[in-house]
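Undergrad: attaching a predicted model along with its sequence, questions to come.
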Amino acid sequence: MALPARLAKNSTYLTLSSIFQKIVSFWYFAYITGALEAKTLDNYVFALNYAGIFVIIMNFGLIPVLTREGAKQPEKIQEQMDTILTLKLIITAISSVVMLVVYYGLNWFKVYWLHTVALPRSVTILVYLTLAMIIFDTFRSIFLAVFRARQEMHYEAIGQFIYQIIVVAGGVGAIVLGYKSRWLILALILASGWYCLYALIIMLSKAKIRLKFAKFDKTILMTLLKIAAPFALADAFFKLNGSLDSVMLKYLAGEGSVTWHAVALKLTVTLTVIPGAFATAYFPAMSRAFTESIQALKKVFQQMLYYLLILSVPISGAVFVLAPHIINLFFHKLPAAIPALQIFSVSIVLLFVNYPIGNVLNAANKQTVNTINMGIAMAVNVLLNFILIPLYTYIGAAIAAVISTVVLIVLGFIQVQRLFNIDTKLLLNKFARIALASAGMVVVVQYVQYKVSFIILVILGALLYLALLLLIKGITVAELRDLYRALLKRGQS
């Protein structure tokens, strides 16, 4: 299959699977939010976010390394897998110990420095359970990285689909039977265990990769760690921006702040399904484009950026004006989440734009630069959280997140511009037209939001935006047709 067709097919599979996963995950989160007591929900969200921090350490940048190097040198992927698997076992064991030590250390800090009560035993049990879940997740990710390198991502899409079904079925069943948070975590463990086994079997049978452990070679391991370290730090900085907020709120703010923040963040993250799928599908293509020419890389970057602006700008505006409607519809018990959602809506465009920036820098072997940018942004986020959370609790955390994302985007654009000359005049022209069409749509949506059903409102807003965009030539019919063919017709080929 030709590269453009394969790229479109990967994007289509991952987009459809991710859309399904995000929609179902969102519904599931809304369901358990209504079913659990506020304190129980707070503990559940905290345990998942805390565990998420240590997945970063377990992965240690090895997934993008295997994806990138495997795409460039497919004949060496078995050798790379052997070394990475050996290293991953060691890192996972160390990370598991560190996760528990840090947890007990934070409890000590809470009691002896903040002079408050330690987290209850129920939270400790949840943390232990999430440890089992993330161990499954980290090995599943490395198995699937083989298929990302081969640009055969439909296996991942299928696994993702079934994983989400198992999570929802297990979680809903637990709540119906009267069980609470720890049983919801057990449902996640079951789903993660299945997904890991599925990825392993598919890797063994389809990719013909065998599970072998490499002999300890200091030179090879040091070389691999040197390549992986920037990816690991970049992944850490990126994910810590989304997880540290909840952990800091748990220790620095009052009851309920974690949940209110999580609801607004969950809604925002759900909307990143499209850039996430694009990024996963485009990364191998960007890596190959870089080996061909800088102009080829520039073309892929600008195309991805343009598509994501078309999608993100109207979504951002619509979420801002519809925040009260959305929260009342899906989380009627949590009206306090409305202002946080409106703040997060501002960052939607920034989150979308960050995907192509991060991808192009990593593909061009500028992962160290990307890592430094993320580190600066995370430092800004942590500093602002320490200042704003005691003053404004979850609202302060939301403001800190938006400001840190602005810092990340500005730093990233400066570095991409050094790599190649971005056609800023063209992009600004397109952006202005996209913003104008979005503004027209937002005005109409604001006026009719309580006069029609939510589904009709979404459809009406999308059609109106598309019509306005075509009218003012933010996108041409030919470009729209090309996008349709790329995502659907080629995706099915």
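TA: Cool, the structure landed. Every value quoted in this text rests on a predicted model; they were computed, and no experiment measured them. Numbering: from 1, shown residues only.

Undergrad: now residue 304: how far from residue 310?
TA: Distance, residue 304 to residue 310, by C-beta to C-beta, to the nearest Å: 11 Å. Bear in mind the C-beta positions are built from the backbone N, C-alpha and C, glycine included.

Undergrad: I should have written residue 271 there, sorry.
TA: 14 Å.

Undergrad: who has more neighbours, the two?
TA: Neighbours were tallied for residue 271 and for residue 310 using other C-beta atoms under 10 Å; the higher tally belongs to residue 310 (24 against 20).

Undergrad: quick one, phi/psi of residue 61?
TA: Note on residue 61: backbone dihedrals following degrees, to the nearest 10 are phi 70, psi 10.

Undergrad: just the pLDDT for it.
TA: Looking at residue 61, its pLDDT is 76.

Undergrad: neighbours of it, how many?
TA: Around residue 61 there are 22 residues (other C-beta under 10 Å).

Undergrad: switch to numbering from 364
TA: Understood, numbering begins at 364; the last thing we discussed is residue 424.

Undergrad: what's the separation between it and residue 400?
TA: 39 Å.

Undergrad: which helix or strand in this structure has the lowest average pLDDT?
TA: The weakest-scoring helix or strand in the chain, judged by mean pLDDT, DSSP states H and E, is helix 636-655 (a mean of 66).

Undergrad: tell me the secondary structure for residue 784?
TA: coil (DSSP: H, G, I helix; E, B strand; the rest coil).

Undergrad: with adjacent residues omitted, what lies nearest to it?
TA: Sequence neighbours aside, residue 661 is the residue nearest to residue 784 in space, at 7.9 Å (criterion: C-beta to C-beta, 6 or more residues apart in numbering).

Undergrad: and what of residue 765?
TA: Counting by C-beta to C-beta, 6+ apart, residue 765 lies nearest to residue 710, which is 4.6 Å off, once chain neighbours are set aside.

Undergrad: residue ranges of the strands in the stretch 514-663 of the chain, please?
TA: Counting by DSSP state E, counting those that start in this stretch, the stretch 514-663 of the chain yields no residue ranges for strands.

Undergrad: let me see the ranges of the helices in it.
TA: Using DSSP state H, counting those that start in this stretch, the helices of the stretch 514-663 of the chain run over 517-539, 544-569, 581-615, 620-633, 636-655, 657-693.

Undergrad: quick one: mean pLDDT over the longest one.
TA: The one in question is helix 657-693. Averaged across helix 657-693, the pLDDT comes to 85.

Undergrad: following the chain past that helix, name the next helix or strand.
TA: helix 700-709 (DSSP states H and E).

Undergrad: helices or strands next to that following helix in the packing?
TA: The contact analysis (3 or more C-beta pairs under 8 Å, 6 or more residues apart in numbering; DSSP states H and E) places helix 700-709 against helix 620-633, helix 657-693, helix 730-782.

Undergrad: how far does it sit from its chain's centre?
TA: Between the centre of helix 700-709 and the centre of its chain there are 18 Å (C-alpha atoms, centre = their mean, to the nearest Å).

Undergrad: between that helix and helix 730-782, what angle do the directions make?
TA: 60 degrees (axes from the mean of the first three to the mean of the last three C-alpha atoms, to 10 degrees).

Undergrad: could I get the CA-only coordinates of helix 700-709 as CSV?
TA: Extracted in CSV, the C-alpha atoms of helix 700-709 (Å, rounded to 0.1, in the frame of the first residue of the first chain):
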residue,chain,number,x,y,z
ALA,A,700,-17.3,22.6,37.1
ILE,A,701,-18.8,25.2,34.7
PRO,A,702,-16.2,28.0,35.2
ALA,A,703,-13.3,25.5,35.0
LEU,A,704,-14.7,24.1,31.7
GLN,A,705,-14.9,27.6,30.3
ILE,A,706,-11.3,28.2,31.2
PHE,A,707,-10.2,24.9,29.8
SER,A,708,-12.1,25.6,26.5
VAL,A,709,-9.6,28.4,25.8
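
Undergrad: tell me the helix or strand right after that helix.
TA: helix 711-726.

Undergrad: angle of that next one against helix 657-693?
TA: Relative orientation of helix 711-726 versus helix 657-693 (the same axes, to 10 degrees): 150 degrees.

Undergrad: quick one, what contacts residue 488?
TA: By C-beta atoms under 8 Å, 6 or more residues apart in numbering, residue 488 lies in contact with residue 545.

Undergrad: tell me which element it falls in.
TA: Residue 488 belongs to helix 484-512, assigned by DSSP H and E.

Undergrad: and that helix, average pLDDT?
TA: Mean pLDDT, computed over helix 484-512, is 87.

Undergrad: angle of that helix against helix 581-615?
TA: Using the same axes, to 10 degrees: helix 484-512 against helix 581-615 is 140 degrees.

Undergrad: and helix 484-512, what's buried?
TA: Residues of helix 484-512 classed as buried by neighbour count (16 or more other C-beta atoms under 10 Å): 486-487, 489-490, 492-512.

Undergrad: cool, and stretch 690-699?
TA: Here stretch 690-699 shows 690, 693-694, 697, 699 as buried, counting by 16+ other C-beta under 10 Å.

Undergrad: any idea which of these is the one closest to residue 841?
TA: For the buried residues of stretch 690-699, the minimum distance to residue 841 (C-beta to C-beta) is 38.0 Å, reached by residue 693.

Undergrad: next, give phi and psi for the spatially closest residue to that closest one that is not a sequence neighbour.
TA: Nearest residue to residue 693, sequence neighbours excluded (C-beta to C-beta, 6+ apart): residue 393, at 4.6 Å. Torsion angles at residue 393 (phi, psi; degrees, to the nearest 10) stand at phi -60, psi -40.

Undergrad: residue contacts, the spatially closest residue to residue 406 that is not a sequence neighbour?
TA: Nearest non-adjacent residue to residue 406, counting by C-beta to C-beta, 6+ apart: residue 486, 4.9 Å away. Counting by C-beta under 8 Å, 6+ apart, residue 486 touches 406, 409-410.

Undergrad: which ones among these map onto helices?
TA: 406, 409-410 (DSSP state H).

Undergrad: okay, these in JSON lines with neighbour count, pLDDT and distance to residue 834 next?
TA: Formatted as JSON lines, those follow (neighbours: other C-beta atoms under 10 Å; pLDDT from 0 to 100; distance: C-beta to C-beta, whole Å):
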{"residue": "406", "neighbour count": "25", "pLDDT": "84", "distance to residue 834": "51"}
{"residue": "409", "neighbour count": "24", "pLDDT": "85", "distance to residue 834": "48"}
{"residue": "410", "neighbour count": "29", "pLDDT": "87", "distance to residue 834": "49"}
